[in-house]
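> need a 3D model of the following:
(2 chains)
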Amino acid sequence: MSFTITCPVCGERDVYEFHFGGRERGPPPSHDNLAIEEYLRYAQFRTTRTEAQLEWWFHANGCGSWFTTWRNPANNREEKPREMSNE
Amino acid sequence: MSSKLERLWGTSPLKSHYDVVLIGGGIHGLATAYYLAKEHGIKDVAVLERRYIGYGGSGRNTAIVRANQRTQENVRLYDEGLRLWPKLIDELDFNMMFFNCGNLNLAHSEAAVSGFRLAVSTANFCNVKSELLDPQQCKEMVPALDISDRPYHPIYGGMYHEPGGILRHDAVVWGLAKGAFKRGAHIHQGVEVLGIDTDGQKITGVQTNQGSVSCNRLAVMAGGYGASVCEMVGMELPVHPLTIQAMVTQPLKPFLHHVVSSGAYHCYANQTLKGEVATGAHMDPQVNYSTTPTAWYMKHQAESLTDFLPCLKGVKFMRIWAGLADMTPDMAPIMDGNVMYDGLFIDVGWGYFGFKSGPITGKYMARFIADDEAPDILKPFALNRFLENRYMGETAGATNYGHWN
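Here you go, the predicted model:
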């Protein structure tokens, strides 16, 4: 599906200009006493929610910024999760 | 034989308890229900389908079947699946239009030819017919191919897999539904699973839009939605749902007698028995659950297809649609049982290859559910392979297809 992503520098652009960088999952686990399973779980396991999630995007065919934005993978709209919409 | 027209499958009242509940009314769910009844005498089975059977990937794929994958573990499963089709058509007494036309995979570089050499070796080692062809031999198979230097990606050779072909995907759904229903399984359409109930370490049932249904065993076979169903019990999986598009051209006189696919063009094409050229391969690079095609891809597909099959220039695309491909880091599915909870079975991560494996997965998942022990052929596909760094190696090489691998 075609949709738009809002780049903080260039504004709203066609999704085909960007590369998807994955859901924001926080920092990688610390290397102190890191069990291999914990690292592999961080690197590979993630569920794509059917509700808005914070994601990384890279404006590959544009200004080259890396940024985060909220997007709902169920309808591809840039929308905040319901709990945050009253802020 | 009765002269009265009979429905292939019927409706049943939704009971409050079943022995086995299967979430997902596609070919995996329906095949599992069929084999549970047929081979294990387990008939107290419900297939819960949110929309109508075959609405998901089972009704959207381009119905190509083959057994020329990269790894021995996968080849063995798909090979048994491929040889199952004529038997299944007989057993179900339903015409699934199996057209054993063979699959030609094109190589557009020396590296691709080397990759094919490995794949052909694996196939032959597993007793599966697969052979390397030079460009001239490719042209003899598919006269419409342009093997000159003109294409953007010239053809360096090919890999031909004789046992493969195509079927009518809807017919597979209907035939399996007929078989499962006839043997006593309940097929419930319009029933959406909203939550999964557990009691300590055990699965106890599901919450649906039509009330609670308790069960002893639960299997998630919901195709591209499988990972989000598993999230209902807090299970995270290395599965990424991507929208994959496909289209068909207007019907044409038969000119393409084999399935043709090209990695470099990211394109495959086959001519169905209706004469339409079914083609596809583009996947949206970002995870999402939409099933909407894009104009960008229609243009890209037209350019790619006409580059190596120039005779298609001017032919019209008649229909375009999309479905979900749930990708895993190693391009191989996850089939496991008693994962996180006793009685919970998962069948996810089938990417764009879930159709060809439907019936054979149904057969072995049924055995897994019945015996409560993983059949040997399914053991390599367990979920913990990702936590033990044991990827299946189904990617062609160390290529980076997308953010998921």
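> where exactly do the helices run in the chain?
Picking chain A for this. A:36-44 (DSSP state H).
> hmm, no, I was thinking of chain B.
Secondary structure of chain B (DSSP H): helices at B:27-40, B:57-60, B:72-92, B:110-125, B:135-141, B:169-182, B:226-230, B:295-308, B:358-371.
> got these as a markdown table, with mean pLDDT and mean neighbour count columns?
Bear in mind the C-beta positions are built from the backbone N, C-alpha and C, glycine included. Shown next, in a markdown table, are the helices of chain B (pLDDT from 0 to 100; neighbours: other C-beta atoms under 10 Å in any protein chain shown):
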| stretch | mean pLDDT | mean neighbour count |
| --- | --- | --- |
| helix B:27-40 | 98 | 27 |
| helix B:57-60 | 96 | 24 |
| helix B:72-92 | 96 | 18 |
| helix B:110-125 | 93 | 16 |
| helix B:135-141 | 97 | 16 |
| helix B:169-182 | 97 | 24 |
| helix B:226-230 | 95 | 25 |
| helix B:295-308 | 94 | 18 |
| helix B:358-371 | 98 | 24 |
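> make CSV from the ones you listed and add distance to chain A to it.
Formatted as CSV, the helices of chain B follow (distance: least, C-beta to the nearest C-beta, whole Å):
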stretch, distance to chain A
helix B:27-40, 20
helix B:57-60, 14
helix B:72-92, 19
helix B:110-125, 24
helix B:135-141, 32
helix B:169-182, 22
helix B:226-230, 5
helix B:295-308, 6
helix B:358-371, 22
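> tell me which of the ones you listed sits nearest to residue A:26.
helix B:226-230 (19.9 Å; C-beta to C-beta).
> contacts for the closest one, please.
Defining contact as C-beta atoms under 8 Å, 6 or more residues apart in numbering or on different chains, one finds that helix B:226-230 is touched by A:47-50, B:23-24, B:193, B:196, B:220, B:222, B:237, B:239, B:241, B:289, B:326, B:346-349.
> up against chain A, what does the stretch 101-250 of chain B have?
B:227, B:228, B:230, B:231, B:235, B:236, B:237, B:238, B:239, B:240, B:241, B:243 (C-beta under 8 Å from any C-beta of the partner chain).
> what's the farthest-apart pair in these?
So, those by C-beta to C-beta: farthest apart are B:235 and B:243, at 22.9 Å.
> who's more crowded, those two?
residue B:243 (26 against 20; other C-beta atoms under 10 Å in any protein chain shown).
> least trustworthy helix or strand in chain A by mean pLDDT?
Here the helix or strand of chain A ranked lowest by mean pLDDT, DSSP states H and E is helix A:36-44, holding a mean of 91.
> report the contact partners of the nearest residue to residue B:382 once chain neighbours are set aside.
What sits nearest to residue B:382 in space, not counting adjacent residues and going by C-beta to C-beta, 6 or more residues apart in numbering or on different chains, is residue B:336, at 4.9 Å. Applying C-beta under 8 Å, 6+ apart, we find residue B:336 in contact with B:345, B:346, B:374, B:381, B:382, B:383.
> what bridges to residue B:336?
residue B:346 (DSSP bridges).
> would you mind naming what in chain A lies close to chain B?
Residues of chain A lying near chain B (C-beta under 8 Å from any C-beta): A:1-2, A:15-16, A:19-23, A:36-37, A:40-41, A:44-50, A:73-76.
> whichever of these end up buried, select them in PyMOL.
Here is the PyMOL command that picks out the buried ones among the residues of chain A next to chain B, judged by 16 or more other C-beta atoms under 10 Å in any protein chain shown:
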select buried, chain A and resi 1+15+20+23+40+41+44+45+46+47+48+49+50+73+76
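> can you list the domains in chain B?
B:17-62+B:170-238+B:332-385, B:103-162+B:240-327 (automatic domain parsing).
> what's the burial count for the nearest residue to residue B:261 once chain neighbours are set aside?
The spatially closest residue to residue B:261, leaving aside those adjacent along the chain, is residue B:268, at 3.5 Å (C-beta to C-beta, 6+ apart). Residue B:268 has 23 neighbouring residues, counting by other C-beta under 10 Å.
> what comes into contact with the least confident helix or strand of chain A?
A:25, A:28, A:29, B:236, B:238, B:329, B:386, B:387, B:388, B:389.
> repeat for stretch B:86-98
B:8, B:38, B:85, B:165-168, B:171-172, B:174-176, B:178-179, B:273, B:359.
> who's in contact with whichever residue of the stretch 1-150 of chain B sits closest to chain A?
Residue of the stretch 1-150 of chain B nearest chain A, by C-beta to the nearest C-beta: residue B:50 (12.3 Å). Shown in contact with residue B:50 (C-beta under 8 Å, 6+ apart): B:25, B:190, B:191, B:192, B:193, B:225.
> got a winner among these for most neighbours?
Most crowded among the contacts of residue B:50, counting by other C-beta under 10 Å, is residue B:25 at 32 neighbours.
> hey, what's the closest residue to that one other than its chain neighbours bridged with?
Excluding the flanking residues, the one nearest residue B:25 by C-beta to C-beta, 6+ apart is residue B:49, at 2.7 Å. Counting by DSSP bridges, residue B:49 forms beta bridges with residue B:189.
> thought residue B:49 was touching residue B:29?
Yes - assessed by C-beta atoms under 8 Å, residue B:49 is found in contact with residue B:29 at 7.4 Å.
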